[in-house]
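Enquirer: this one's structure only:
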């Protein structure tokens with residue numbers, strides 16, 4: 001992570017003036033590290049400029065928050081009606097059960113969860129998978145897999161339902177999660193490709209993750225039941 005060349009000359013001391021979109025700096029060059037991460041260990045003493053708002057100092061948000069799905073001033077697990085962990089009403093919790101309507105819960109399925117409704121399949125799967133993953137019941141994910149199911153966990157490759165669940169159980173315990181990006185596509189053989197990007201609370205630390213899944217219909221089973229054929233996880 002190379003930053004601008006910080007050699008030569010002292011750092012500007014900064015002055016008044018609160019309306020500028022940049023921190024106080026005598027340089028017109030933008031700090032590369034701040035531009036990539038939204039942070040800089042030199043703070044206001046950095047000799048390069050930090051973009052903190054729209055042009056002219058008003059509104060518009062910085063380019064960092066526009067492209068960073070994790071950028072947020074509030075806690076990702078703060079209580080709010082829109083958060084899956086909020087204490088408000090509305091019944092929007094991702095942990096809300098559902099009378100066995102999910103094609104991944106082992107119960108009956110709804111007509112909407114057909115192969116053609118891949119968005120519905122992806123949504124049901126995502127809610128079920130992460131609710132189990134962020135609990136003491138990760139082993140209950142095993143019925144979603146087969147002997148030929150493959151997992152790439154960071155750089156480690158594992159195959160087989162039992163081996164994959166063992167890899168899950170070896171990970172730190174997780175208690176909360178929040179999906180920032182969720183995408184789905186239909187694929188060959190009535191398969192569904194699912195991608196999730198988000199945050200997870202593991203061992204009291206918030207970590208970023210990305211996970212992708214390739215779901216296929218259960219052979220000789222209900223047209224509305226799926227299993228995980230392939231998945232990747234990056235932490």
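Expert: Nice, I can see it. What you see is a predicted model, and the numbers here were worked out from it, not measured in a lab.

Enquirer: for the chain, what spans make up the helices?
Expert: 32-37, 63-67, 118-133, 161-169 (DSSP state H).

Enquirer: for residue 196, find the nearest of those helices.
Expert: Of all those, helix 118-133 sits nearest to residue 196, with 5.9 Å by CB to CB. Placement of C-beta: from N, CA and C, glycine included.

Enquirer: which other helices and strands contact the closest one?
Expert: strand 174-186, strand 192-202, strand 205-217 (3 or more CB pairs under 8 Å, 6 or more residues apart in numbering; DSSP states H and E).

Enquirer: just send the helices of the chain back as a markdown table, with mean neighbour count too.
Expert: Output for those, formatted as a markdown table (neighbours: other CB atoms under 10 Å):
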| stretch | mean neighbour count |
| --- | --- |
| helix 32-37 | 17 |
| helix 63-67 | 12 |
| helix 118-133 | 21 |
| helix 161-169 | 16 |
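
Enquirer: worst average pLDDT in the ones you listed?
Expert: Of all the helices of the chain, the minimum mean pLDDT falls on helix 63-67 (a mean of 39).

Enquirer: let's have the helices of the chain in CSV, adding distance to residue 186.
Expert: As requested, those are exported to CSV (distance: least, CB to CB, whole Å):
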stretch, distance to residue 186
helix 32-37, 35
helix 63-67, 27
helix 118-133, 4
helix 161-169, 24
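
Enquirer: out of those helices, nearest to residue 197?
Expert: Closest among those, using CB to CB: helix 118-133, at 11.3 Å.

Enquirer: hmm, who's touching stretch 151-171?
Expert: Here stretch 151-171 makes contact (CB atoms under 8 Å, 6 or more residues apart in numbering) with 133, 138-139, 141-143, 145-150, 202, 230-235.

Enquirer: apply 7 Å and report the result again.
Expert: Residues from elsewhere that reach stretch 151-171 (CB atoms under 7 Å, 6 or more residues apart in numbering): 133, 138-139, 141-142, 145-147, 149-150, 231-235.

Enquirer: for the residues you listed, which one is nearest residue 39?
Expert: residue 235 (20.3 Å).
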